[in-house]
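In: Provided below for reference: sequence and predicted model.
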Amino acid sequence: MKFSKTDFGYVVRLEPGEEIVSALSSFAQSRGFGSAALQGIGAAKDITLGYFEREKKSYVRRTLAGEYEVLSLAGNVSHFEKAPWVHVHALIAGPDFRVTGGHLFSGTVTVTIELALYVSAARVERQEDPATGFRGLALDESL
């Protein structure tokens, strides 16, 4: 991984062979920031995506073998049980140019993943909602 500090946080480049989610989690841990929003693009292989099935209170996962263009990564970094929690959604396209997407569980960088992380010192936590089983953001205010 390579990175540069910016006015808004960091620009990050993941290298071939790095696993996207774990690399971002390690980076968040090492830099010690409270929370972040992120966006990115690149290329990866063996990508596991999912969607949250509300009735079962769990994710359905599918691993897509092969190499894909990562058209968009969007998400955030918060904390759950004292560790960084990377929550990222991805849109990807393969050789057939069809786009698919979902919650990104894992993927291995093939060429690069380039990201902008908009960092805040404010620590944002997650908590599990017993009604849905989803680990949502624990926020202070509501309308």
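Out: That came in fine, so what should we check first? Residues are numbered from 1 along each chain as shown.
In: strands along this structure, start to end?
Out: In the chain, the strands defined using DSSP state E lie at 2-5, 9-14, 35-53, 58-80, 83-93, 99-120, 125-128, 135-138.
In: what lines up beside the fifth one in the sheet?
Out: Going back to what we said before, that points to strand 83-93. strand 58-80 (antiparallel), strand 99-120 (antiparallel) (DSSP bridges).
In: closest one to Arg135 among those?
Out: In this view, the strands paired with strand 83-93 are compared for proximity to Arg135 by C-beta to C-beta, and strand 58-80 is the closest at 5.9 Å. For glycine as for every other residue, the C-beta is placed from the backbone atoms N, C-alpha and C.
In: buried sites along that closest one?
Out: Counting neighbours by 16 or more other C-beta atoms under 10 Å, one finds that the buried residues in strand 58-80 are 59, 64, 67-70, 73, 75-79.
In: and His89, bridged to which residues?
Out: On DSSP bridges, the residues paired with His89 through beta bridges are Ala74, His103.
In: contact partners for it?
Out: By C-beta atoms under 8 Å, 6 or more residues apart in numbering, the contact set of His89 is 73-75, 101-104.
In: try 10 Å
Out: The contact partners of His89, by C-beta atoms under 10 Å, 6 or more residues apart in numbering, come to 49-51, 72-75, 101-104.
In: go through these and name the one nearest Ser30.
Out: When the contacts of His89 are ranked by distance to Ser30 (C-beta to C-beta), Gly75 comes first, at 18.5 Å.
In: reformat the strands paired with strand 83-93 as CSV; add distance to Gly40 and mean pLDDT.
Out: Output for the strands paired with strand 83-93, formatted as CSV (distance: least, C-beta to C-beta, whole Å; pLDDT from 0 to 100):
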stretch, distance to Gly40, mean pLDDT
strand 58-80, 4, 97
strand 99-120, 4, 98
